[in-house]
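Visitor: please work out how this folds:
(chains A and B)
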Amino acid sequence: MRIATWNINSVRLRLSQVLRVLEEYDFDVLCLQETKTRDVSFPANEIAEAGWPYQAIRGEKSYNGVAILSRFPIEKKSYQDWVGKRDCRHIAAQIKGINIHNIYLPAGGDIPDRDENIKFGHKLDFVSEVTEYFEQNKPSKSVLVGDLNIAPLAEDVWSTKQLRNVVSHSDIERVNLIAMQERGGWVDAVRDFFGADERLYSWWSYRARDYISSNRGRRLDHVWTTTDLAPQIQKVEIHTNTRGWKQPSDHVPISLQLG
DNA sequence: ATGGCAAATTGAATTTGA
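Guide: Residues are numbered from 1 along each chain as shown, chains lettered A, B, ... in the order given. Down below sits the predicted model:
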């Protein structure tokens, strides 16, 4: 089974790209973040007609929004609200016995200090609550994907020195995300497949004049599995070429082939 | 905290992203 994650930055604007990745990359399941639309406006029919009729969608106007699109029937659906908000940042589906959690973690604003920036506090609290949730509901046969908005390792950013005090790569975010991974019993499938040394990115800012030559990327999007599924990790791909498509998302899809 | 941009909403400017 091929499971992918992609922050699409508006599913309505980039519907044609969603359909293109589903077909070109042969995803069985695609988890989207930042769909930015209410469920009534979600292009569910177009995606169903293309061959992904099983869908779990949870959106709101303008912001956030997550969805799971599947070729195979969804056996169970659920979602969680964290940090006391109903902001459509999580949805879960069981497909072929695998529990898939799709998360859009808060970006956290500009200043990496919770006393000066309420959004950063929200982000840290969100990580803490997700960590507690999976400690109390120990996952198995599970995959956690999504835009976690944190690049935890030095090799996950173009310059660990220059991004040290930048939100997404601050020490506290990095430590807390690793703790969330370890305490939930998760394996970073992307690092498991590619190893620790290679620089890996899934996001490039829109602001770069030429994202290829500047290559100031960050690995903000993640695919984790529980340890019981780790032996089934056959292949991981970061589909970087979508960043070069016309009117692209600033994130690229990551896919996991489970055997 | 940067930034050369982008998207959604409301109706030219604001908010958010990271």
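
Visitor: residues from the stretch 51-200 of chain A in reach of DNA strand B?
Guide: The stretch 51-200 of chain A has residues A:61-63, A:106-111, A:119, A:147, A:149, A:162-163, A:165-168 near DNA strand B, with proximity defined as CB under 7 Å from any atom of the strand. From N, CA and C alone the C-beta is placed, and that goes for glycine too.

Visitor: just the residues you listed: which are in strands?
Guide: A:Asp147 (DSSP state E).

Visitor: and the residues of the stretch 51-200 of chain A next to DNA strand B, which are buried?
Guide: A:106-109, A:147, A:149, A:163, A:166-168 (16 or more other CB atoms under 10 Å).

Visitor: for A:Ser16, state which of those is nearest.
Guide: Comparing those against A:Ser16 with CB to CB places A:Asp147 closest, at 20.8 Å.

Visitor: for that closest one, give me its contacts.
Guide: A:5, A:7, A:33-34, A:103-105, A:220-221, A:251 (CB atoms under 8 Å, 6 or more residues apart in numbering).

Visitor: if you look at those, which of them are in strands?
Guide: A:5, A:7, A:33, A:103-104, A:221.

Visitor: now the residues you listed as JSON lines including pLDDT?
Guide: Formatted as JSON lines, the ones in strands among the contacts of A:Asp147 follow (pLDDT from 0 to 100):
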{"residue": "A:Thr5", "pLDDT": "98"}
{"residue": "A:Asn7", "pLDDT": "98"}
{"residue": "A:Gln33", "pLDDT": "98"}
{"residue": "A:Ile103", "pLDDT": "98"}
{"residue": "A:Tyr104", "pLDDT": "98"}
{"residue": "A:Asp221", "pLDDT": "98"}
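
Visitor: so can I have CSV of the residues you listed showing neighbour count?
Guide: Formatted as CSV, these follow (neighbours: other CB atoms under 10 Å):
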residue, neighbour count
A:Thr5, 29
A:Asn7, 23
A:Gln33, 30
A:Ile103, 24
A:Tyr104, 25
A:Asp221, 24
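
Visitor: tell me the one among these nearest to A:Lys235.
Guide: Closest to A:Lys235, out of all of the ones in strands among the contacts of A:Asp147 and judged by CB to CB, is A:Thr5, at 14.8 Å.

Visitor: ok, residues contacting the lengthiest helix in chain A?
Guide: As assigned by DSSP state H, the longest helix anywhere in chain A is helix A:118-136. With contacts defined as CB under 8 Å, 6+ apart, helix A:118-136 is touched by A:80, A:82-83, A:89, A:103, A:105-109, A:111-114, A:149-150, A:167, A:172-173, A:176-177, A:179-180, A:183-186.

Visitor: now the buried members of those residues.
Guide: A:82-83, A:89, A:103, A:105-109, A:112, A:114, A:149-150, A:167, A:173, A:176-177, A:180, A:184-186.

Visitor: whichever residue of chain A sits closest to DNA strand B: how many residues sit nearby?
Guide: Taking CB to the nearest atom of the strand as the measure, chain A has A:Arg209 as its residue closest to DNA strand B, at 2.1 Å. Look at A:Arg209: counted by other CB atoms under 10 Å, it has 6 neighbours.

Visitor: the one 4 residues further on too?
Guide: For A:Ser213, the count of nearby residues is 8 (other CB under 10 Å).

Visitor: shouldn't it be within a helix?
Guide: Yes - residue state for A:Ser213 (DSSP: H, G, I helix; E, B strand; the rest coil) corresponds to a helix.

Visitor: per-residue confidence for it?
Guide: For A:Ser213, the pLDDT comes out at 94.
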